[in-house]
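Student: Here's a sequence, model it:
(one chain, ligands or ions: 1)
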Amino acid sequence: MAPKAIIAPSILSADFADLGAACSRTIKQGADWLHVDIMDGHFVPNLTFGPPVVVKIRSHVEKPAESFGKGTFDCHMMIAEPKKWVKEFKKAGCDLYCFHYEAAINSSAAESPEGKSDEKTSPRELIRYIHDQGMLAGIAIKPATPANVLFDLIESEDPKEKPDMVLVMTVEPGFGGQQFMASELPKVEELRKRYPDLNIEVDGGLGPGTIDQAADAGANVIVAGSAVFGAKDPSEVISLLREAVEKRSGKL
Ligand SMILES: O=C(CO)[C@@H](O)[C@H](O)COP(=O)(O)O
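Tutor: Numbers count the residues shown, from 1 in each chain. Down below sits the predicted model:
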């Protein structure tokens, strides 16, 4: 069965002076998850926020009642040392820790907040580590990375080493409000064809004008920042995104 439609507005486009209220309002407007963009100024040329802010906004949104449920905090870790922050983000209230494949294969030794060194960690080990901390694990790929780097992980026989979701970026990570890159959709198609049950997230430039292409390619988890937070009626946009994915999954 095709995985369910999940709409995850990116709070990067929310009013940061009113973030807690914006989060709870967006969930009431029909969002399933909140997509929380964490940027470190190294992996991407932009900075956002860290665990103290996640703790504060978490208190405005009820924790999901089940895995993948409403209120999931989908933390997109655009950071150079993804292992280093796993425990801190779990403590802060993250439910799904989505790291970048490119960061995991390049991450160098670094001190973690617990004082342990962050040795080079393979994506497989990192997924296991995230699961061991009690979070769902996601793995993201940038536009230059092909989808086939994920095949072995997705096909892993050990559920602890299998990602719960993959994220195909449809912009270069770093900023909201960029133009959707349709050139990334063949990766989504390839993944959907091989893995009918996989949760496939797309992020960047999604909105009423681009959702049909992404849904037709097979994406089921939709991140949208400016299209939701810039809308006169965010609930209408959330419904429209959901309908496009549901229409497509009915066809599968
Ligand atoms: O991760 C990112 C950007 O790096 C995204 O989550 C953006 O925040 C999406 O914003 P829109 O393109 O939907 O405005």
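Student: Can you get me a residue count around the residue in the stretch 151-252 of the chain positioned nearest to the ligand?
Tutor: At 2.9 Å from the ligand, residue 225 is the closest residue in the stretch 151-252 of the chain, using C-beta to the nearest ligand atom. (Glycine included, C-beta is placed from N, CA and C.) Residues lying near residue 225 (other C-beta atoms under 10 Å) number 25.
Student: what are the phi and psi angles of it?
Tutor: Backbone torsions for residue 225, taken as degrees, to the nearest 10, come to phi -100, psi -80.
Student: in the stretch 1-150 of the chain, what spans have low per-residue confidence?
Tutor: Along the stretch 1-150 of the chain, the parts satisfying pLDDT under 70 run over 1, 107-120.
Student: Could you pick out the residues of it near the ligand for me?
Tutor: 10, 12-13, 35, 37, 76 (C-beta under 6 Å from any ligand atom).
Student: For residue 206, state which of those residues is nearest.
Tutor: Closest approach to residue 206 among these (C-beta to C-beta): residue 10, at 9.2 Å.
Student: separation between the closest one and residue 50?
Tutor: 17 Å (C-beta to C-beta, to the nearest Å).
Student: So the two - more neighbours on which side?
Tutor: residue 10 (23 against 16).
Student: you'd agree that one is up against residue 35?
Tutor: Yes: applying C-beta atoms under 8 Å, one finds residue 10 in contact with residue 35, separated by 4.3 Å.
Student: Would you check which pair of the residues of the stretch 1-150 of the chain next to the ligand lies furthest apart?
Tutor: Every pair of these checked by C-beta to C-beta; the farthest is 13 and 76, at 13.4 Å.
Student: neighbour-wise, which of the two wins?
Tutor: Set residue 13 next to residue 76 and count neighbours by other C-beta under 10 Å: residue 76 wins out with 27 against 18.
Student: Can you verify my assumption that that one contacts residue 140?
Tutor: Yes: contact status for residue 76 versus residue 140: in contact at 6.6 Å, counting by C-beta under 8 Å.
Student: any common contacting residues for these two?
Tutor: 98, 167, 173, 203 (C-beta atoms under 8 Å, 6 or more residues apart in numbering).
Student: tell me the SS of the closest residue in space to the last one that isn't next to it in sequence?
Tutor: Spelled out, that is residue 203. Once flanking residues are discounted, residue 203 sits nearest to residue 223: 3.8 Å by C-beta to C-beta, 6 or more residues apart in numbering. With DSSP: H, G, I helix; E, B strand; the rest coil as the basis, residue 223 sits in strand.
Student: Residue 139 too?
Tutor: strand.
Student: wait, what's in contact with it?
Tutor: Contacts for residue 139 (C-beta under 8 Å, 6+ apart) come out as 98-101, 104, 123, 127, 150, 153, 163, 165-167.
Student: The ligand versus that one, what's the distance?
Tutor: Noted for residue 139: a distance of 14 Å to the ligand, by C-beta to the nearest ligand atom, to the nearest Å.
Student: picking up where we left off before, out of the residues of the stretch 1-150 of the chain next to the ligand, list just those in strands.
Tutor: Among these, the members falling in strands are 35, 37, 76 (criterion: DSSP state E).
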